[in-house]
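Chemist: 3D, please:
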Amino acid sequence: MLLSKCHNRAMPSEEEISVHMADSLIPPYMPKGARGARITMTSAISLINRYCSSLPCDMATKLTPRWEIKVVDPESNEKEYYCRLRMPINSPLRQIIIGDTMKQKRLAKMAAALKACKLLDECGELNEHLVPVSCLVDKALEEELGPTEEEITDETKIITDGMPGTKRRKQLYKKHVPKFLRDSRPTSGVRCYLHIFEMDLVEPLPDCLNPRKRPLFNPKDTSRGVALLSSKILPSVNPFPIFTKFGRILVKIHALETSIILVDEEVKKLEEFHKFIFSDALWLVKDKEFSPQCSPFSYYIVPVNKDYAENYYIDWSFIDATKVHPYNDIKQKTSTITRTQFDEKLFESSVLMRSYKMHEWENTRPTFHHVTHILYDMSPQSRMNSELFKDYYKRKYSLEILNDKQPLVETVQSGVLHFWKPIYNSVKETFEDICVLSKTKQRHMNYREYLVPELCIIHPFPSPFFSKVSCLPTILFRLHSLLLAEEIRQNVASQGFIGSLHLKPNHVWPEFNLETSDKALREKLYKNGHIKAYVRNVTEPKDVIKIDGKISSFEVKVKLSDHPGPEPSLILQALTSKGAGDEFDLERLEMIGDSFLKYVMSVNTYYKYSNFDEGKLSKLRSGLIQNLHLYQIAKKKKLAEYLICTCFSCNTTWLPPCFIVNKVITKNSSSQKANCDEDGENAPAKCQHFTEQIISDKCIADSVEALIGVYLLSCGQQGALRFMYWLGLNPLLKNSSICNHDFESWPPVPPDPILAKDLSKDLVNQSLSRLTSGFDRFEKVINYSFKNKAYLLQAFTHPSYVYNEITDCYQRLEFLGDAVLDYIITRQLYEDPNDHSPGMLTDLRSALVNNVFFAWQAVKHKYHEFLKMLSPHLFRLLSDYVERLKNSDAFKFFEECGYYLEEIECFELDEVEVPKALSDIFESVAGAIYLDSGMSLDAVWNVYYPMIEPALKHLSEHVPKSPVRELYEISKKEDVFGEPVQKSGKTYIEVELKGKKFVGVGPNKKVAKRSAAKRALAYLKYKKEET
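Modeler: Alright, predicted model coming up:
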């Protein structure tokens, strides 16, 4: 039977039989015993090849092991062989592996491979199944992050579901009440403290913004004001601006040194007056109940005045006068129209309400009118357009005016109660020629309002005091926000990390540096001489030294022993999302915080995981700085409750002190939560979020990065490191027994680049001298001389260059240099005098930190001439690319001027096949300089800034815009791009715009998307030029 089946088969050779029986020559490697995974002689070579293919390298290079078969004794008749095996230089297994002696070359190769497999497993490069490890990074992440606790989430709090840590998942959070305001209700027999609201009109409205010549009221000119009375002393916060129809008012809040002890009757009077302010002046009691006992913050707003010695006191006489004012009786008679007798003293500087509109008060806030002039030359018999005032009221309101001789009063309406943003911010409308304005706008400019005193009700509050009271919602909202920021500052300081818990008695925070949306208008007003001065609102950083807008040093040592910590206003910016619609948000701070976090974690992972290649390091770093991790550590600190993510609205998102939400509204709100929109302006209107708000997981993570940016700007790198440690992001190389010295000694001492520990020092020096021959020419090009040439050799060693046996290849240095360059360039862009918006900063960073820009710089400064490689394919790619590039007009312009011929070229990342090795060595040299200089950012900056300076200056003045972002802005749709299609190794993406389709092609989805966007934009530009 056997012979009949095999009669045509040739007999196996002796060599084939030996190979087949090879597994019996050397026992298989079985670290887990006979029942576990094993590696045999016959499977070892394929495993080595599989491992080498898993090592990171560029597309032009295939990494393979080096096999060298040697004869043991050439003179012997019976030949025996052994194999010397060397792994690619980016493998942690750097030693030469010598296999057992065998009688055949194939068997010798197998023996060396089996021995190498055993050593790889001991290095941690193979998993429990004895295949190339893919979870080594996961294990490192577990060690870094600690055991992952299963998140316990109240399902009723999830508004929109999605993956944790993403923008899609949104949850409902309670709004945190600052501890300084909790349990602060003034009561009988308890010491209370007055906090005076000092208001000063520091920037009056210029005439061009006040065409009606409305009188400009400065709150500082009247002695009666408002104050906050609390049983607690509030900490100091930044003076901050509010924006009224009179102009920019600066608000300073300070506590009086002397305390006040009240009796029951006085507490009751203050409580009634406080309620009157919000019910009868501000009219903010809809959907709310007055309940000082139940309110989360129950301080009182009280009237104050000054005595002859300029000392403040509670104005009890004004409180009593308000209580007995005729208004209190009149407002009860909504069904009848009260007639008021004209009295000059009563009407002068008064606030009026139209009595014939009283029936509307139940549903809407009444309009308040401030008297500006008493017009004795006008009366009800005067004409308004074509009819008498008297006839007008009779026709429109069926009212008969009884006193025809009374003068009329000219008034202005008090308007809205939101003074947190500039009222005027349009340059076009302000400086538009009146003849081209619409008739409606012309009428508005010439509008005058006249009222008949007889048909008006006088409010108990005179106009100056009422104007101050109108500012209260904005002032209290801003104070509440700043106290949230101050509480975070104190929380960090209380645990001994950074900042003073108790500030010095004379400590005063600087004015809130708030860059407002009317920036362009204010610049125009200053240039035209309408305002005396235009002060740029820029926070001076403490972590860098600047000269004429350029950073000259990153290595500023900030004295932290008595440092107060960041000012509350800067922390507040890091807590405010874009969805809050405020004049500031966290996005600029988030960018530098993100960049610094990436830099710190890159240094740490580079040191701690010396056996990790660039791919593993990148994956590990991504896990440490990903949004999910940042969200989780923020949740442990309950930072989400401090965030401000909803638009300030007196009626829907802001709760006055001593008030609670109406119980009926609370029930209705719960049922509506599922219908809320994105974070921002739409959510509060539907959900009545007085005490809660919707926040996405990503927004919380962004705030963490912004807070890191705050501590970096205010307290330098050491301060940022300490804050990161407080958060739970350990920036140090050890996990226990942390002391001040550990922060002061960061970054650590650079590691030795020499890996050949088995070679003598003389041999290492000889190899180093031979391999770096000619590198002095490169040092002259970049104007930097390396102290340790091994760093320079490593920076130019491609993974294919096996002749370098003393250092690693450039990949790990590229990983480090990428983070260093990203940080120093981003930091410079943040300090740019043009004060770019977050979107512009993103576009600028994309234009300056990308493969094409770095590759062009590498070619311009001859980096490629020193690259050591043994990859013919990569050599051809580099040669072809450099030749093509040098012959192009764009590169000739780049060589001469230092920036691209067209700004849009900044985004041509990979549309032309740019060998990644060029940008890699540009980054690896930066990493090498950083290590060689003793971890000096200044050393890297001094070498690289002259290279990028022309492009940085040009692009700062002509900010490029990503074509993808520009297309989104034009289309205003989220689904502009179709799904990517893979075909012949290329990616195709389609864009549909205005009925036409455009196809983009590229090596990956990102490039194809950009290509399609540019085609669509080019078509739109062409059509525009046609018309």
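Chemist: ok, residue 163 - contacts?
Modeler: Shown in contact with residue 163 (CB atoms under 8 Å, 6 or more residues apart in numbering): residue 169. C-beta: built from backbone N, CA, C; applies to glycine.
Chemist: mind doing that once more with 10 Å?
Modeler: The contact partners of residue 163, by CB atoms under 10 Å, 6 or more residues apart in numbering, come to 169, 627-628, 697.
Chemist: again with residue 710
Modeler: By CB under 10 Å, 6+ apart, residue 710 lies in contact with 485, 488-489, 539, 565-567, 570-575, 586, 589, 592-593, 719-720, 723.
Chemist: out of the contacts of residue 163, who's the most crowded?
Modeler: Each of those was scored for neighbours by other CB atoms under 10 Å, and residue 697 scores highest at 25 neighbours.
Chemist: adjacent strands (with direction) for the helix or strand hosting residue 997?
Modeler: Using DSSP states H and E, residue 997 maps to strand 996-1002. When pairing is defined by DSSP bridges, strand 996-1002 lines up against strand 986-993 (antiparallel).
Chemist: the partner strand - what's its average pLDDT?
Modeler: Per-region confidence: strand 986-993 scores 82 on mean pLDDT.
Chemist: name the residues that touch it?
Modeler: With contact meaning CB under 10 Å, 6+ apart, strand 986-993 is reached by 964, 967, 970-971, 973, 975-982, 997-1017, 1019-1020.
Chemist: at 8 Å instead, please
Modeler: Applying CB under 8 Å, 6+ apart, the contact partners of strand 986-993 are 967, 971, 976-982, 997-1005, 1007-1009, 1011-1013, 1015-1016, 1019-1020.
Chemist: which members of these are positioned in strands?
Modeler: 981-982, 997-1002 (DSSP state E).
Chemist: so how do I select the buried members of the residues you listed in PyMOL?
Modeler: Under the burial definition 16 or more other CB atoms under 10 Å, those of the ones in strands among the contacts of strand 986-993 that qualify are selected in PyMOL by:
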select buried, resi 998+1000+1002
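Chemist: re earlier: tell me the buried residues within the contacts of strand 986-993.
Modeler: Neighbour-count burial within the contacts of strand 986-993 applies to 967, 971, 976-977, 980, 998, 1000, 1002, 1005, 1007-1009, 1011-1013, 1015-1016, 1020; the criterion is 16+ other CB under 10 Å.
Chemist: do a quick rundown of the helices in the stretch 101-250 of the chain.
Modeler: Listed from the start of the chain, the stretch 101-250 of the chain has helices (DSSP state H, counting those that start in this stretch) covering 105-122, 136-145.
Chemist: tell me which of those lies nearest to residue 395.
Modeler: Ranking the helices of the stretch 101-250 of the chain by proximity to residue 395 (CB to CB) places helix 136-145 first, at 76.1 Å.
Chemist: residues of the closest one that come out buried?
Modeler: 136-137, 140-141, 144-145.
Chemist: dump those residues to JSON lines, plus distance to residue 609.
Modeler: Output for those, formatted as JSON lines (distance: CB to CB, whole Å):
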{"residue": "136", "distance to residue 609": "9"}
{"residue": "137", "distance to residue 609": "9"}
{"residue": "140", "distance to residue 609": "6"}
{"residue": "141", "distance to residue 609": "11"}
{"residue": "144", "distance to residue 609": "10"}
{"residue": "145", "distance to residue 609": "14"}
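Chemist: point to the residue nearest the middle of the chain.
Modeler: Nearest residue to the geometric centre of the chain (CA atoms, centre = their mean): residue 590, 2.1 Å.
Chemist: confirm residue 592 sits in a strand?
Modeler: No - the assignment for residue 592, made by DSSP: H, G, I helix; E, B strand; the rest coil, is helix rather than a strand.
Chemist: now do the contacts for it.
Modeler: Contact criterion CB under 8 Å, 6+ apart gives 709, 712-713, 826-827, 830 as the residues in contact with residue 592.
Chemist: what's the burial count for residue 946?
Modeler: Taking other CB under 10 Å as the criterion, the count of residues near residue 946 is 12.
Chemist: distance of the closest residue to residue 555 other than its chain neighbours relative to residue 740?
Modeler: Distances taken as CB to CB, 6 or more residues apart in numbering place residue 938 nearest to residue 555, at 5.4 Å, with adjacent residues excluded. From residue 938 over to residue 740 the distance is 24 Å, taken as CB to CB, to the nearest Å.
Chemist: what's the answer for residue 787, then?
Modeler: As judged by CB to CB, residue 787 and residue 740 stand 29 Å apart.
Chemist: so between these two, which is more surrounded?
Modeler: More crowded of residue 787 and residue 740, by other CB under 10 Å: residue 740, with 12 against 9.
Chemist: which residues in the stretch 251-400 of the chain form strands?
Modeler: In the stretch 251-400 of the chain, strands defined by DSSP state E, counting those that start in this stretch lie at 260-261, 288-290, 300-306, 312-314, 351-354, 369-375, 383-384, 387-388, listed in chain order.
Chemist: could you export these as a markdown table, including mean neighbour count?
Modeler: Shown next, in a markdown table, are those (neighbours: other CB atoms under 10 Å):
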| stretch | mean neighbour count |
| --- | --- |
| strand 260-261 | 14 |
| strand 288-290 | 17 |
| strand 300-306 | 21 |
| strand 312-314 | 17 |
| strand 351-354 | 21 |
| strand 369-375 | 19 |
| strand 383-384 | 13 |
| strand 387-388 | 14 |
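Chemist: tell me which of those strands sits nearest to residue 404.
Modeler: Once CB to CB is applied to those, the stretch that comes out nearest is strand 387-388, at 9.6 Å.
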